[in-house]
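**Student:** structure, please.
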Amino acid sequence: ICVVTEPLRKLIMQKKDGGELKQCAIAEGMETLRQDGWRRVAKGNTTIEEVVRVTQTDEVMAETTEDAEPVVQR
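**Tutor:** Now for the predicted structure:
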């Protein structure tokens, strides 16, 4: 769950990119799906393979987004 805190709301209103929003949300206490998965592995509720399988696309997209050039709006 991502609670929209005041710092996160300001970034949303400024139309910041997803990477900045995610960084702010994490700093404000949000747990990523992968972090939640690792916690569940430690509790014995799931496997490492399942966490990697389910979160692999999200992590690759996050890395790609962070490295991408800004989109030019016309």
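**Student:** do I have it right that residue 47 meets residue 38?
**Tutor:** No: the pair residue 47 and residue 38 fails to qualify as a contact (Cβ atoms under 8 Å) at a distance of 11.3 Å. Where C-beta positions appear, they are placed from N, C-alpha and C, glycine not excepted.
**Student:** and this structure, what are its domains?
**Tutor:** Per automatic domain parsing, the structural domains of the chain span 1-30, 32-68.
**Student:** any chance of these in CSV, plus mean neighbour count?
**Tutor:** Converted to CSV, these look like this (neighbours: other Cβ atoms under 10 Å):
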stretch, mean neighbour count
domain 1-30, 13
domain 32-68, 12
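**Student:** ok, residue 21 - contacts?
**Tutor:** Listed by Cβ atoms under 8 Å, 6 or more residues apart in numbering, the contact partners of residue 21 are 8, 11-12.
**Student:** just send these back as a markdown table, with pLDDT, secondary structure and distance to residue 2 too.
**Tutor:** A markdown table is the format used below for the contacts of residue 21 (pLDDT from 0 to 100; DSSP: H, G, I helix; E, B strand; the rest coil; distance: Cβ to Cβ, whole Å):
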| residue | pLDDT | secondary structure | distance to residue 2 |
| --- | --- | --- | --- |
| 8 | 97 | helix | 8 |
| 11 | 97 | helix | 12 |
| 12 | 97 | helix | 11 |
